[in-house]
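**Student:** Coordinates for the following, if possible.
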Amino acid sequence: MSTEGIVTILLTLILGIPSIITIFRLRRTRIVYLEKHIINLNDDLLKNFNQLSIKYKGIEIQENVFFVSGFLVCQGDKDISDDNNYVEIYIPNNSKWLDLKIVSNSKGMQIKESVFKNKANINFDLFKNKEYIEYEGILEINSKVENIDTKALLEFHHRIPNIPSISKFKIENLKTSLSTLLLSSFIAFFPLFFAYDYYKIDNSDVKAYNAIKNTRIDSFTMNENKQLSDLLDKTINEYSGFSFLFEGKSQAYPVNGVKDFRGKEKIDLTSVYFKMDEWGIKDYISTIFRECSIKCVIG
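**Tutor:** Next comes the predicted model:
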């Protein structure tokens, strides 16, 4: 997979759900740091191979030398358009950057890198939404290895106007959180499935009731009396599932001459109202939940 594809997936993992939640808010442009590696070159790579060593500029590395790599990604509605932008990466005092290289970046970007003692600079011009800069670096930490907190090893700073502090994420943690993301995605989209399905109702979802006695009108009476069928159609056109969910029932409609299955007029049936079938109220959510689960599984 290309670097652009990897960055896009990682942005989706980090920013997808918050973007859904804040879909009606202005997306503020920001820079995100995706940590790829922080490796102790001696302890992490060579501890099991006594006869193997790594040299930097002809000198064998010690246990306090680290390899770091990651991505800087721009995310938001507006580009970072200044001609001279820079991000500073600090490491602890009395430590030093040995080297830093830009190994890949979005097409067309102009980037320069430099290191000075415990600070590395990455200078760039136009930085568009979802564009990225990938770097690799080597640094020497002036501290005992067991006292080094790798989570706080790198500090990012900038002075770009209207851009908040750089957010940091570890790619490895994002990979192990994929199942959580899928669950969160389902939770985020479930109300949309529910709203869409619950809004759509038809004749089978709504039942008629005698407004005088508050008793349900049987299906035979409904089918054999056109005025009741017409009122049902009218109600379906004017009401949605949400209306029944929050209001409980429709308005009462006057009727006359309604006959039962024997052809006898029902003199006690002079007004009717409609409401959702009890099945629709009690079991609708579980049904939609099951359908959404199937859709998520089979894509």
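
**Student:** Let me know the helix or strand that the nearest residue to V206 once chain neighbours are set aside is in.
**Tutor:** Among residues not flanking V206 along the chain, F274 sits closest, at 5.1 Å (Cβ to Cβ, 6 or more residues apart in numbering). For the C-beta atoms, the positions are set from N, CA and C on the backbone; glycine is no exception. Assessed by DSSP states H and E, F274 sits inside strand 271-276.

**Student:** Kindly format the C-alpha coordinates of that strand as CSV.
**Tutor:** Once non-C-alpha atoms are left out, strand 271-276 reads as follows in CSV (Å, rounded to 0.1, in the frame of the first residue of the first chain):
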residue,chain,number,x,y,z
SER,A,271,-64.5,8.9,16.1
VAL,A,272,-61.1,7.2,15.4
TYR,A,273,-57.4,7.9,15.9
PHE,A,274,-54.3,6.1,14.7
LYS,A,275,-51.1,5.1,16.5
MET,A,276,-48.1,2.8,15.9
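
**Student:** returning to what we had before: report the contact partners of the residue nearest to V206.
**Tutor:** F274 sits next to 206-209, 231-232, 235, 239, 249-250 when contact means Cβ atoms under 8 Å, 6 or more residues apart in numbering.

**Student:** Now for F66: which residues touch it?
**Tutor:** The contact partners of F66, by Cβ under 8 Å, 6+ apart, come to 38-41, 138-141, 150, 153.

**Student:** one more time with 7 Å
**Tutor:** 38-41, 139, 141 (Cβ atoms under 7 Å, 6 or more residues apart in numbering).

**Student:** Out of those residues, who's the most crowded?
**Tutor:** L139 (24 neighbours; other Cβ atoms under 10 Å).

**Student:** Can you name the residues bridging to that one?
**Tutor:** When assigned by DSSP bridges, L139 has beta-bridge partners F66, W97.

**Student:** Now render the contacts of F66 as a markdown table, adding pLDDT, secondary structure and distance to I133.
**Tutor:** Converted to a markdown table, the contacts of F66 look like this (pLDDT from 0 to 100; DSSP: H, G, I helix; E, B strand; the rest coil; distance: Cβ to Cβ, whole Å):
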| residue | pLDDT | secondary structure | distance to I133 |
| --- | --- | --- | --- |
| I38 | 90 | strand | 18 |
| I39 | 89 | strand | 20 |
| N40 | 87 | strand | 24 |
| L41 | 85 | coil | 23 |
| L139 | 92 | strand | 18 |
| I141 | 87 | coil | 23 |
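
**Student:** which among these gets closest to P164?
**Tutor:** Proximity to P164 was ranked across the contacts of F66 by Cβ to Cβ; first place goes to I38, at 23.6 Å.

**Student:** Please name the residues that touch the closest one.
**Tutor:** Contacts of I38 (Cβ under 7 Å, 6+ apart): 66, 68, 150, 153.

**Student:** repeat that for 6 Å
**Tutor:** Contact analysis of I38 by Cβ atoms under 6 Å, 6 or more residues apart in numbering lists 68, 150.

**Student:** Then the one 4 residues further on?
**Tutor:** Under the criterion of Cβ under 6 Å, 6+ apart, the contact partners of N42 comprise E63.

**Student:** follow-up on the earlier one: the contacts of F274 in helices, which ones?
**Tutor:** 231-232, 235 (DSSP state H).

**Student:** Closest one to I80 out of these, please.
**Tutor:** Using Cβ to Cβ, T235 comes nearest to I80 of these, at 55.0 Å.
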